[in-house]
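Engineer: Predicted model follows, preceded by the sequence.
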Amino acid sequence: MNLDPRIPDGPIEDKWENHVNHIRLVGPRNRPHYRVIVVGTGLAGASAASSMAAMGYKVDAFCFQDSPRRAHSIAAQGGINASKNYRNDGDSTYRLFYDTQKGGDYRSREANVWRLAQLSTQIIDQAVAQGVPFAREYGGMLANRSFGGVLVERTFYCRGETGQQLLLGACSALAQQIHVGGVKMHTRSELMDIVVVDGRARGIVVRDLITGEVTSHAADAVVLATGGYSNVFNLSTNAKNCNVTATWRAYRRGAGFANPCYNQIHPTCIPAAGEHQSKLTLMSESLRNDGRIWVPRKKGEQRRPTDIPEEDRFYYLEERYPRFGNLVPRDVASRNAKEVCDEGLGVGPTGRGVFLDFRDAIKERGHDVIEARYGNLFEMYKRITDESPFETPMRIYPAPHYTMGGLWVDYDLMTTIPGLFAVGEANFSDHGANRLGASSMMQCLADGYFIIPSTIGNYLSSHPYGEIQADHSAFREAEAGVHALTDKLLSIGGKTSPAAIHRELGHLMETKCGIARNKQDLESALKEIPLLRERFWNDLAVPGTGAQLNQALEHAGRLADFLEFAELMVLDALTRDESCGCHFRTEHQTEEGEALRNDDKFAHVSVWEHKGTDQKPEMHTEPLEFEALPLAQRNYKT
Amino acid sequence: MKFRLNVWRQGSEQEKGSMQSCELDEVSSDMSFLEMLDYLNETLISKGEEPIAFDSDCREGVCGMCSLVINGQAHGPMKATTTCQTYMRLFPDGSEITIEPWRAGAFPVLRDLIVNRSSFDRIMQAGGYITVHSGPKPEPNSVPINQQVAEESLDAAVCIGCGACVAACPNGSAMLYTAAKVSHFALLPQGQAERTDRALAMVDQMQTEGFGSCRNYAECEAACPKAISINFIGQLNREYIRATAKPCNARGQMHAQ
């Protein structure tokens, strides 16, 4: 497996510009001959599809929802980072780079992170030009707030619905391109396979979710923008239908899967209420700007939270991390919440919860200011829990939220399969072992608006267009495989619903490969997952046929991939015998309980290669180099 | 809790549908409405019966995928709330609940409770954008935007495109949906260049798709999960009159807010 990241030469601050200057171009007259497939229409997919179509490429875009605007980027709440330094508080490209590298616990590729920081400011310019109504100050200038893990205010926002507004911006550009014929949009179409001929990606096979029809689509390049795999935990903050299928099937076709064990558990989510829970709802991290996190000092506290006096409240983040306080990075906040709950100090009916209290902020800034900042989040919380955060502290608990791992890509965002690209959360590149808040939208849009439209030319210009069409035998074989899988799922004839097996998988992954991991649990998970998979293939119930709208069949197909993927994730977590960022192995911690890296052995990207069904995958590594920012122990305490 | 459910079942767009009833016991009051349906579906699947098809995705009230007319109300009884954020504690134990798909000519039923809302996307494609390619752009702070104007624009822009406004309207009108997008851009300096064409094109497409006319019933505002005001319909009407009064004079129309 070739893992040459193809990082351009030169000093880190000039790499991207040098690269763009020397990228092979496809001329404007030739671009309409090249066909590019984009799968997924979230921030990365919609921005990539619209940008490439505007350049003149013919784009086919696919999403499984009924409209491109439904993609889960829409649910991102808090904001998007950009090193504009509007607050004059010392922000710069270097500082955003530094924060992202440090936040990622030095497990990302420096050159990519620098480029991300560089492009961040252009994203804001682009979004404003599209009509994204960012929050403004009274003088009409753009407003900022701050997010976890940083000491500057660089986050741009639209109330608590920044993701919605940015996605609608990207989707409006997509709609414009659909209107002028640059993009052909295929909704309610789910990717089933990727077609590779002579070692290059040539197209995809999709299933129409309304009619069940399976069709082939050929292209000169394929871009996957299919998001992350947090739903391997069943309960996560991801939308119900988010899945690993596209990236997993790419992996099975030869794309290297990087760092599958890196998944972020978001510290501020509403705790689960019971077995019936279908997803966990995120409460924006921006709440940590004004909310104070605490638990009662003594176990079995019976008083109402509002009656507990100051001396009996344990503000554990403020006490343990005086400099960052409630704004420590997500992994640190999540682990601390789990620890205090493990010690029996947790609150709420299940004991898995901590308080996020706005009492002091309301006293200091006034009810109206807090309502203006977080009104819609408070309302959402009340609808779900029947409690008002104005009257009693919120209860929160960490939940799987984002996956830093994904398909390995080089500097051009190309996977190990030439012609197959991955953008946004679907790739692995920029967040290392932990992503900072308000950085995911930044990465998706940098990839989609600015990086892939340039770098894809580097690949396309080296190959003639239209070499292989959808009548090629490789497409027939892939279609046959899809039909065979559908028939197999429908013919099991068991008693257990896909949802029930998904719940079991989620429980297993949460307890054995969640916030904190250890060798023993991981080894036992490696034994249990194949057993669960066996049950799936022997006792699954999927009513109906493949030639109709069949949601149980859709779920079963996605779950089949999760059941395979889970094993790779656990294997990666076991192999990475160190702690870093969100990957916390209890065997490796400092005396203060912080993640203890082992840079001598693990300063690399772990990339897994598929070796065939039921074969052990092979691990390769891409060594990481630290020139612009030397390795250091993360410290958020002083 | 225990409920009697009357649910619309329909095999496909071509087939005829009907209401079917069932009893569901052991429902928790902390279940969301869709979790209640998940639970019902799991029961159906384990009995080998076909589950009820319904759309949903984010389950936090923002993707706009979920729908459902519950007891005659689009998105159920709670104001400014989507179906996915509606909880069973709102329904009296032992009561009867009727669940139907969005009902509108421009939203044909695909199966059970799932409808085809692609007509909404075509309205957006007709003009719901500012034509701007990716690449270097002017410094955004060079064009200050009044804070309240930005907020008002966002009040319109929060539309999730779910279609409740159409489902709730006796005429099946899509005026609130169209008005929200037209107003979002009309209020911003960046939206001025295409202001006229946008209003004309989107209204034309809305009529082509077969949505009904607005008669100011205001049912749309009452059903809207984002509480978008019908004042924006007033704005759409003004935009449309403005566009038809002086068509094809884009240069003269460019008054920044």
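Structural biologist: Ah, there it is.

Engineer: Extract the CA atoms of stretch B:198-215 and return them as PDB.
Structural biologist: Output in PDB follows, covering the C-alpha atoms of stretch B:198-215 (Å, rounded to 0.1, in the frame of the first residue of the first chain):
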ATOM      1  CA  ARG B 198     -35.300  35.500  -7.700                       C
ATOM      2  CA  ALA B 199     -38.800  36.600  -6.600                       C
ATOM      3  CA  LEU B 200     -40.300  36.100 -10.100                       C
ATOM      4  CA  ALA B 201     -38.600  32.700 -10.700                       C
ATOM      5  CA  MET B 202     -39.400  31.200  -7.400                       C
ATOM      6  CA  VAL B 203     -43.100  32.300  -7.500                       C
ATOM      7  CA  ASP B 204     -43.400  30.900 -11.100                       C
ATOM      8  CA  GLN B 205     -41.900  27.600 -10.100                       C
ATOM      9  CA  MET B 206     -44.200  27.400  -7.000                       C
ATOM     10  CA  GLN B 207     -47.200  27.800  -9.200                       C
ATOM     11  CA  THR B 208     -45.900  25.300 -11.800                       C
ATOM     12  CA  GLU B 209     -45.600  22.700  -9.100                       C
ATOM     13  CA  GLY B 210     -49.300  22.900  -8.300                       C
ATOM     14  CA  PHE B 211     -49.200  24.600  -4.900                       C
ATOM     15  CA  GLY B 212     -52.300  26.500  -4.000                       C
ATOM     16  CA  SER B 213     -52.800  30.200  -3.500                       C
ATOM     17  CA  CYS B 214     -52.400  32.000  -0.200                       C
ATOM     18  CA  ARG B 215     -55.600  33.200   1.400                       C
END
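
Engineer: who's in contact with residue 51?
Structural biologist: If you meant another chain, say so; for now it's chain A. A:173, A:448-450, A:452-453, B:133-134 (C-beta atoms under 8 Å, 6 or more residues apart in numbering or on different chains). (Each C-beta comes from the backbone N, C-alpha and C, glycine too.)

Engineer: try chain B instead
Structural biologist: Counting by C-beta under 8 Å, 6+ apart, the residues that residue B:51 touches are A:543, A:551-552, B:40-42, B:44-45.

Engineer: wait, which of the residues you listed is closest to residue A:79?
Structural biologist: residue A:551 (33.6 Å; C-beta to C-beta).

Engineer: can you pull the pLDDT of the closest one?
Structural biologist: The score at residue A:551 is 98. That number is its pLDDT.

Engineer: thinking it is in contact with residue B:53, fair?
Structural biologist: Yes. Between residue A:551 and residue B:53 there is a contact under C-beta atoms under 8 Å: 5.7 Å.

Engineer: Could you measure from residue A:210 over to residue A:46?
Structural biologist: Noted for residue A:210: a distance of 22 Å to residue A:46, by C-beta to C-beta, to the nearest Å.

Engineer: out of those two, which sits in the busier spot?
Structural biologist: residue A:46 (36 against 18; other C-beta atoms under 10 Å in any protein chain shown).

Engineer: where's the more buried one, which helix or strand?
Structural biologist: Using DSSP states H and E, residue A:46 sits in helix A:43-55.

Engineer: likewise residue A:185?
Structural biologist: Going by DSSP H and E, residue A:185 is in strand A:183-186.

Engineer: For that strand, which outside residues touch it?
Structural biologist: Everything outside strand A:183-186 that qualifies as a contact, by C-beta under 8 Å, 6+ apart, is A:49-50, A:53, A:58-63, A:68, A:174, A:177-178, A:206, A:217, B:121.

Engineer: Looking at chain B, which residue is nearest chain A?
Structural biologist: residue B:144 (2.7 Å; C-beta to the nearest C-beta).

Engineer: Pretty sure that residue sits against residue A:137.
Structural biologist: No. The criterion here is C-beta under 8 Å, and residue B:144 misses it with residue A:137 at 9.2 Å.

Engineer: Centre of the chain to stretch A:123-138, how far?
Structural biologist: Here stretch A:123-138 is found 24 Å from its chain centre; the criterion is C-alpha atoms, centre = their mean, to the nearest Å.

Engineer: now the stretch 501-638 of chain A, which segments are flagged as low pLDDT?
Structural biologist: Low-confidence segments of the stretch 501-638 of chain A, defined by pLDDT under 70: A:636-638.

Engineer: do that again at 90, thanks
Structural biologist: For the stretch 501-638 of chain A, the stretches with pLDDT under 90 are A:590-595, A:614, A:632-638.

Engineer: So which of the contacts of residue B:51 are in helices?
Structural biologist: Counting by DSSP state H, these place A:551-552, B:40-42, B:44-45 in helices.

Engineer: Near chain B, which residues of the stretch 401-550 of chain A are found?
Structural biologist: Proximity of the stretch 401-550 of chain A to chain B, by C-beta under 8 Å from any C-beta of the partner chain, involves residues A:449-450, A:453, A:495-500, A:541-544, A:548-549.

Engineer: change it to 7 Å
Structural biologist: Within the stretch 401-550 of chain A, the positions lying close to chain B (C-beta under 7 Å from any C-beta of the partner chain) are A:449-450, A:453, A:495, A:497, A:499-500, A:541, A:543-544, A:548-549.

Engineer: can you redo these as CSV with secondary structure?
Structural biologist: Below are those laid out as CSV (DSSP: H, G, I helix; E, B strand; the rest coil):
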residue, secondary structure
A:449, helix
A:450, helix
A:453, helix
A:495, coil
A:497, coil
A:499, helix
A:500, helix
A:541, coil
A:543, coil
A:544, coil
A:548, coil
A:549, coil
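
Engineer: hmm, back to that, for the residue of chain B closest to chain A, what are its contacts?
Structural biologist: With contact taken as C-beta atoms under 7 Å, 6 or more residues apart in numbering or on different chains, residue B:144 is in contact with A:139-141.

Engineer: With secondary structure as added columns, please give those in CSV.
Structural biologist: Below are the contacts of residue B:144 laid out as CSV (three-state DSSP):
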residue, secondary structure
A:139, coil
A:140, coil
A:141, coil
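
Engineer: one step back: filter the contacts of residue A:51 down to the buried ones, ChimeraX style.
Structural biologist: Only the buried entries of the contacts of residue A:51 go into this ChimeraX selection, using 16 or more other C-beta atoms under 10 Å in any protein chain shown:
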select /A:173,448,449,450,452,453 /B:133,134
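
Engineer: Among the contacts of residue A:51, which one lies nearest to residue A:268?
Structural biologist: The nearest one, if we look at the contacts of residue A:51 relative to residue A:268 and count by C-beta to C-beta, is residue A:448, at 27.0 Å.

Engineer: how close does that closest one get to residue B:217?
Structural biologist: Distance from residue A:448 to residue B:217, by C-beta to C-beta: 41 Å.

Engineer: What residues does the stretch 201-350 of chain A have near chain B?
Structural biologist: So the stretch 201-350 of chain A meets chain B at A:210, A:239-241, A:273-274, A:276, A:278-279, A:281 (C-beta under 7 Å from any C-beta).

Engineer: mind running it again at 8 Å?
Structural biologist: When proximity is defined as C-beta under 8 Å from any C-beta, the stretch 201-350 of chain A approaches chain B at A:210, A:239-241, A:273-274, A:276-279, A:281-282.

Engineer: try the stretch 1-150 of chain A
Structural biologist: A:47, A:50-51, A:54-55, A:65-72, A:74-75, A:86, A:122, A:124-126, A:128-131, A:133-142.
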